[in-house]
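Visitor: turn this into a structure:
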Amino acid sequence: MVKIDNPEGAVTIANEVFENLAGDAATSCFGVKAMAARGRDGVFQLRRETMSKGVKAELGEDGSVSLELHIAVDHGVNLNTLCNSIMSEVSYKVSKATGVPVKRVDVYVDTMIIG
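Guide: Below is the predicted model of the structure:
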C-alpha cells in the first residue's frame, strides 16, 4: 500500500488498485487478447474479466510503483510495437489516476492466440 500525505489528510492506495488499473490499461491496447495468470496446476488461465489477474504491483521505497504484466496476444501482431504501446499506456493511466510515479512496466507475453 502507498500512503500519500497532504494538508487535508492522508490517502492510502492498495496494491489491488494499481493492478486493476494496469490490467484495464493493458487490455485496452489493440492486440491484447487477455491477461494471463498461472493456475495452481501450472496451466495458464486467460482472464479478460478479472483485470488484476496476471498483474503484480511492487511498491518502491522511493514512493514509485513497478508493474509486471503477463498477457496473451493475438497471432500476427508486432510484439515490439505492442509491448511499447502497453508500457506507455499503463504507465500513463496508472500515474494519472493515482498520482504515483511508475518506475517500470515489465511486459511478459505468455501465450499467443491463433484464430
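Visitor: pull the helix or strand with minimum mean pLDDT from this structure.
Guide: strand 44-47 (a mean of 62; mean pLDDT, DSSP states H and E).
Visitor: tell me the helix or strand right after the longest helix seen in the chain.
Guide: Taking DSSP state H as the criterion, the chain has its longest helix at helix 79-98. Scanning forward in sequence from helix 79-98 by DSSP states H and E, the next helix or strand is strand 102-113.
Visitor: could you give me the buried positions within that following strand?
Guide: V102, V105, V107, V109, D110 (16 or more other CB atoms under 10 Å). (Each C-beta comes from the backbone N, C-alpha and C, glycine too.)
Visitor: out of the residues you listed, which is nearest to C29?
Guide: Within the buried residues of strand 102-113, the smallest distance to C29 is 10.0 Å, found for V107 (CB to CB).
Visitor: residue ranges with poor pLDDT in the protein?
Guide: 38-51 (pLDDT under 70).
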